[in-house]
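In: Structure, please.
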Amino acid sequence: MLSIVFGLIALSLGFWGMLKFWWYMVDVLIAMLPILLIFGGAIALLAGIRNTGIRTSFKIKKNTTQTPETKPQKNDE
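Out: Model (predicted):
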């Protein structure tokens, strides 16, 4: 019961603060927009790279250059 009372008090103070100081909220949202765009773009870029298979092709190229191809030798009998 006590947590419900404190929750309601916190909600009411939060709404009061948003209504009283709304221009600060707008400034915060405007300041957060470029940061959110950077993080969202980085996540989208990583997801796109992962879906294209570029990471897999890098691994394949790396493994093929390290192991030389050997041809089977013929036995002369």
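
In: Of all the residues in whatever helix or strand residue 17 lives in, which ones are buried?
Out: Using DSSP states H and E, residue 17 maps to helix 2-20. Going by neighbour count (16 or more other Cβ atoms under 10 Å), nothing in helix 2-20 comes out as buried. Glycine gets a C-beta too; all of them are placed from N, C-alpha and C.

In: So for it, mean pLDDT?
Out: For helix 2-20, mean pLDDT rounds to 93.

In: C-terminal to it, what's the next element?
Out: Beyond helix 2-20 toward the C-terminal end (DSSP H and E), the next one is helix 22-52.

In: Against which helices or strands is that next one packed?
Out: For helix 22-52, not one helix or strand is in contact under the criterion 3 or more Cβ pairs under 8 Å, 6 or more residues apart in numbering; DSSP states H and E.

In: Could you tell me the angle between that helix and helix 2-20?
Out: 110 degrees (axes from the mean of the first three to the mean of the last three Cα atoms, to 10 degrees).

In: on that earlier part again, so what touches the helix holding residue 17?
Out: Helix 2-20 is touched from outside by residue 25, with contacts defined as Cβ atoms under 8 Å, 6 or more residues apart in numbering.

In: Pull the number of nearby residues for residue 47.
Out: 10 (other Cβ atoms under 10 Å).

In: Now do it against residue 40, distance only.
Out: Distance of residue 47 to residue 40, computed by Cβ to Cβ, to the nearest Å: 11 Å.

In: Just the pLDDT for residue 67.
Out: For residue 67, the predicted pLDDT is 54.

In: How about residue 49?
Out: Looking at residue 49, its pLDDT reads 81.

In: now do residue 56
Out: 58.
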